[in-house]
Each structure stands twice: as structure tokens, then as C-alpha cells.
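Asks: fold the following for me, if possible:
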Amino acid sequence: MIKRPLACLLGFLAATPVAFAADGVNLTIYRADGAELFGVQANGPVQDGYAVVHEKRDIALTGGTQDIVLGGFPYFLDTEALSLRFSGKARVASQRLTSAAGGNATLAAMVGKQVTVIGTAGQPITTGTLLRAGDGLQLRDGTGSTIVVRDFAAVSSHGDFPDTGATLTVRVADGSAGNDAAALDYPTQGLGWRASYIGTLAAGSSCRMSFQARASVANRSGRDWTDAQVKLVAGSPNMEKPVAYANAAPAPMMRKAGLMAMDSSSTDVRQQTLGDYRTYTLPGAVSLPDGSISQVPLYATRDVACERESVYELPGTGFQSGQPMINRSFNLGDSQEVTSKLRFDAFDTLPAGYLRVLTVDRDGNAELLGETRMADTPKGEKANVVLGNAIDLRGKNELTTFNVDQAAHRMDEGRRITLSNGGDEVKTVTVIVHPYRWNHWKLVSSSAKPTKQTPDTLEFHVDVPANGKTTLDYAVTYNWTAADAPAH
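Replies: Next up, the predicted model:
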């Protein structure tokens, strides 16, 4: 109910037809990852995310040239991309988006609604469809007459409505008398989605997990979306232009963000390609209240094979300099954590999002082992997940030998890696080494045979006894030419 000063009835004017929203709306929502967009404490609309709204508006055409008014827009709009198309011969001659602020914004958001205007004594002044809100209220009553109310105490309307106050005035030409289900399309911000995965590891020595794939859809657009058909786009289209405000900065919303979980057992999500991207069309109608985060299924829950790995990786990621690095202390490193990792084959294309890996403890509760952000992972590719640092495992890296013979263009380096295990079970640790001093090297000796060797990587699998230690020794030789020789 909107309060204003004392009311008096002014008179009758020519009617301005209003476009009423038809049942249902189609939303194409693109992936987003903003912390504010998905934060449960955010107040008010958020200028993040991207969606395209496809609506049907039932418009009463009088024939010839006329002006119509459309309301009920979200807070952020790309006005240059807003499009209204008629099913018949009518065409848009011009259009103008008008914003309002404060009380006028709330009133303008009620355009097209059935309202009752109330006087200071609480008496109803008039009832009808609100056509315009600004310098007075313009309404059309049940007889088809149009009235303007300048002063009033309150306006009452049933149902929720978006509090943006933006209205679109469209001049229509060449129309025929009658109702037209016009198509309205426009981009907006405040809507976005990202993938949300949960992998629950099964008990036992083999690595298997129950894998749930859902989409988290955030709505901070300033408008409720009821019974919408929703299509989610996975991929990253290029977007250059920021979407503008539909009105002045809003006051903080009193409504707290909510979480709404939907049925994750559904398997009816329809996938299609869209250029170089992928779309997921959700089954049935979905309601997205403003200020909410909703979860909907992407794939049916399935059992997935996986691999667990403990990794100790020496500092450095391979040779990066323009000449051999003959400084003994360059990038030596020392003690370092042993990282717990998990990997599995993507059973289908997995859009970017967050994966939480759980395990069921002895008390029967599912507990968190780690959370990581996953990039877009095509079907059949490895998804690599960093769970965290292993509390019982440690590694230490020492330089045991180092000799440089610049005349012979040769450098010899020996290393010892000591791995310790404070747990009660034998652990296998994958040791990853990047010979970084020069791009031409060879392994001379090692206390364990490497399991993998590439131009910039050595990899060893080392068993570490329970409550014990083990060492790995290896030596490499670097050679270079006179042209590559470092300066003295």
C-alpha cells in the first residue's frame, strides 16, 4: 500500500492502453560466479550475471497509431537491446524507457495492475487498471473511462510486483484493432548460475564416489520470476557493454536471500548445443523469487570411479630463463606440504563450478574432505581436484651435490627428498620434479625408477612406511652450448 497526500478527483482523459504480461516467461541465464550474486547476505539488486528475458505481453490494439505502456521490468536493463515484436502487422515506430525513483518507482512498478486508490479517511476513491504513475495517477475504470487522481492517501494492489519503476512507452503504427500477443525480449543483470557438484566417497580401499550435479541459480534482479521456463547456458560468451540501471540506486531490500532446493532426482533436463556453448533446459516451470538462490538438477546422480593421490611437488615449474641457471641457491625450496588430490573422468561435459568432496565418517555423518573450483571439463577429460594438505605427510628437499664446469658447458645436480608419514598406514606419495636450471638435461641416477618422464618433468611413486620415513635420491646433468653460456 502506497501513501501520498490528500486526494481529489480531476477528470476524464483519453485512454492509454497498457500491455499486460501473459502467463509464463522464458529465461536464458548465462553462467556467472560473483561472490555478491551468490552471497546470502546481499541486499538489493546486484549488477552481476547476465540473462535474456523472453516474455509475451497481451496488448490491446485500437488500430492505426497509438501509445502503449509496459511495466514490470527488472532493475538492470540493456535498453538498446530491448525488442518488442507483434504477431500481426503492427510495428514499433519508437520506444522510450522512463525510470522513476522513490515512491514513484513503486507506483510505476504497479502499471498494468488492478489497484484501488484510497483517500485520507480510508475510503476508496476509485478502482481500475493503473495506466501511468508520475504527476498523478492515471487509471482506466470498469466502464472504459480514464481518470486522473492528483492527491490520495494510499494505493492498494493484490500480489507481488517488482519495485523498479521502469516503464517502456512504445508508439505502435499500422496496427489492427484487437488483442496481440506481442513478444518482448531484453537482457538484464542480476541473474546468473553456476554448477554445484557433490562427490561422496564410498567406504573401502577402492576410489568410487556418488556424484551429484546441480545448478545454483541466483536471482538478484529486483523482480520475482514465477513459473518461468529456464534455459541455462554453459560457456563464456564475450560481453563488452555493461547493463545500465533501470532507475536510481535502490534502498536496501528488507527480504533476506533464501535458498530453495529442487528435486534432484529429475533426469529430464534437455541438453543442446548453442554455437560453441551448451544449454540445459530445465523440465517444467521454475519460480525464482527475488533475493533467492535455487538449486536444480543438471544430471542424475551416478556412481563414478576415481583415483586418490598424495603429491609432493618440488618448487619450480620447469625451465623459464634465457640461459642456464648456475646459481647454487636459485629456487632451492625446503620443506613443503604433501597435497591430497583426486581425479576422475568426466562422464559428460561438466560446466565450470564448485565441487565439494565428502566422506562418511564412522559416526555416519558426511564430512568435507575438500572443495575446489572446477573449470569447464569436456566429456572424457580428466577432472583434477585438490582436496587439501595431508596432515600426516611431509616432504623435505635438500641439495646434496652441485658442480658447474663452465668450460665444459656442464652442470651436475643431486637432490635428496625425505618423506615422512605420521599415520598408521603405508602411504604412496607421488613426487613431481621439474628440472628447471636449463632446458637440456638428463637423469643420471635415481634410487627409484621414475614412473613418468617428460621434457620438463620427472615423476616417482614412493612408498612411505607407517610412522616412518623414506628417502628418494636422484641426480641430473645439464649441458649447453657456447652460445647459451651464462655471462661470467
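
Asks: for the stretch 301-450 of the chain, which spans come out with low pLDDT?
Replies: 316-321, 331-335 (pLDDT under 70).

Asks: which residues of it fall in strands?
Replies: Per DSSP state E, counting those that start in this stretch, the stretch 301-450 of the chain carries strands over the ranges 307-313, 335-345, 353-360, 366-374, 382-405, 410-421, 427-433, 441-446.

Asks: please save the CA atoms from the helix or strand containing Gln295 in CSV.
Replies: Gln295 belongs to strand 292-305 when assigned by DSSP states H and E. C-alpha atoms of strand 292-305 as CSV (Å, rounded to 0.1, in the frame of the first residue of the first chain):
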residue,chain,number,x,y,z
SER,A,292,16.9,-16.3,-3.7
ILE,A,293,19.4,-19.0,-4.7
SER,A,294,17.7,-22.0,-6.2
GLN,A,295,19.2,-25.4,-7.0
VAL,A,296,18.1,-27.5,-9.9
PRO,A,297,19.5,-30.8,-11.3
LEU,A,298,21.8,-30.9,-14.3
TYR,A,299,22.4,-34.7,-14.4
ALA,A,300,21.0,-37.7,-12.5
THR,A,301,23.2,-38.8,-9.6
ARG,A,302,25.6,-41.6,-10.6
ASP,A,303,28.4,-43.7,-9.4
VAL,A,304,31.8,-42.5,-10.7
ALA,A,305,35.2,-44.2,-10.5
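
Asks: quick check: Leu37 is in a helix.
Replies: Yes - applying DSSP: H, G, I helix; E, B strand; the rest coil, one finds Leu37 inside a helix.

Asks: state the number of residues packed around it.
Replies: Neighbourhood size, Leu37 [other Cβ atoms under 10 Å]: 23. Using the backbone N, CA and C atoms, a C-beta is placed for each residue, glycine as well.

Asks: can you check the pLDDT for Asn51?
Replies: Just to correct that, residue 51 is Ala rather than Asn. Note for Ala51: predicted pLDDT of 95.

Asks: ok, it to Ala81 distance?
Replies: Distance of Ala51 to Ala81, computed by Cβ to Cβ, to the nearest Å: 12 Å.

Asks: quick check: neighbours shared by these two?
Replies: Pro187 (Cβ atoms under 8 Å, 6 or more residues apart in numbering).

Asks: what about Arg57, distance to Arg85?
Replies: Where Arg85 is concerned, Arg57 sits at a distance of 10 Å (Cβ to Cβ).

Asks: same question, Met209
Replies: For Met209, the distance to Arg85 - Cβ to Cβ - is 48 Å.

Asks: likewise Phe402?
Replies: Counting by Cβ to Cβ - Phe402 and Arg85 are separated by 74 Å.

Asks: contacting residues around Asp135?
Replies: Arg150.

Asks: actually Gly380, not the one I wrote
Replies: Gly380 neighbours (Cβ under 8 Å, 6+ apart): 345-346.

Asks: phi, psi of it?
Replies: phi 90, psi -10 (degrees, to the nearest 10).

Asks: now Ala181: closest residue in space, sequence neighbours ignored.
Replies: Lys56 (5.2 Å; Cβ to Cβ, 6 or more residues apart in numbering).

Asks: and for Gly190?
Replies: Ser221 (3.2 Å).

Asks: and for Thr98?
Replies: Here the residue nearest Thr98, using Cβ to Cβ, 6+ apart, is Thr167, at 5.2 Å.

Asks: for the one you found, the count of nearby residues, please.
Replies: Neighbours of Thr167 under the rule other Cβ under 10 Å: 25.

Asks: parallel or antiparallel, list what pairs with the strand holding Gln295.
Replies: strand 208-219 (antiparallel), strand 258-261 (parallel) (DSSP bridges).

Asks: can you give me the end-to-end span of stretch 190-210?
Replies: 32 Å (Cα to Cα, to the nearest Å).

Asks: tell me the buried residues in it?
Replies: By neighbour count on 16 or more other Cβ atoms under 10 Å, the buried set for stretch 190-210 is 190-201, 207-209.

Asks: thinking again about what came up before, so which of Phe402 and Arg85 has more stuff around it?
Replies: Neighbours were counted for Phe402 and for Arg85 using other Cβ under 10 Å; Phe402 has more, 16 against 12.

Asks: hang on, that one packs against Arg328?
Replies: Yes - using Cβ atoms under 8 Å, Phe402 is in contact with Arg328, at 5.1 Å.

Asks: list the contacts for the spatially closest residue to Ala305 that is not a sequence neighbour?
Replies: In space, and not counting its chain neighbours, Ala305 is closest to Arg208: 5.7 Å by Cβ to Cβ, 6+ apart. If a contact means Cβ under 8 Å, 6+ apart, then Arg208 has 201-202, 303-306 as its contacts.

Asks: okay, buried residues for stretch 140-147 please.
Replies: Within stretch 140-147, judged by 16+ other Cβ under 10 Å, the buried ones are 140, 146-147.

Asks: those residues in strands, which ones?
Replies: 140, 146-147 (DSSP state E).

Asks: let me know the closest of those to Thr418.
Replies: Using Cβ to Cβ, Arg140 comes nearest to Thr418 of these, at 85.0 Å.

Asks: give me the beta-bridge partners of the closest one?
Replies: With DSSP bridges as the rule, Arg140 is bridged to Thr129, Thr146.
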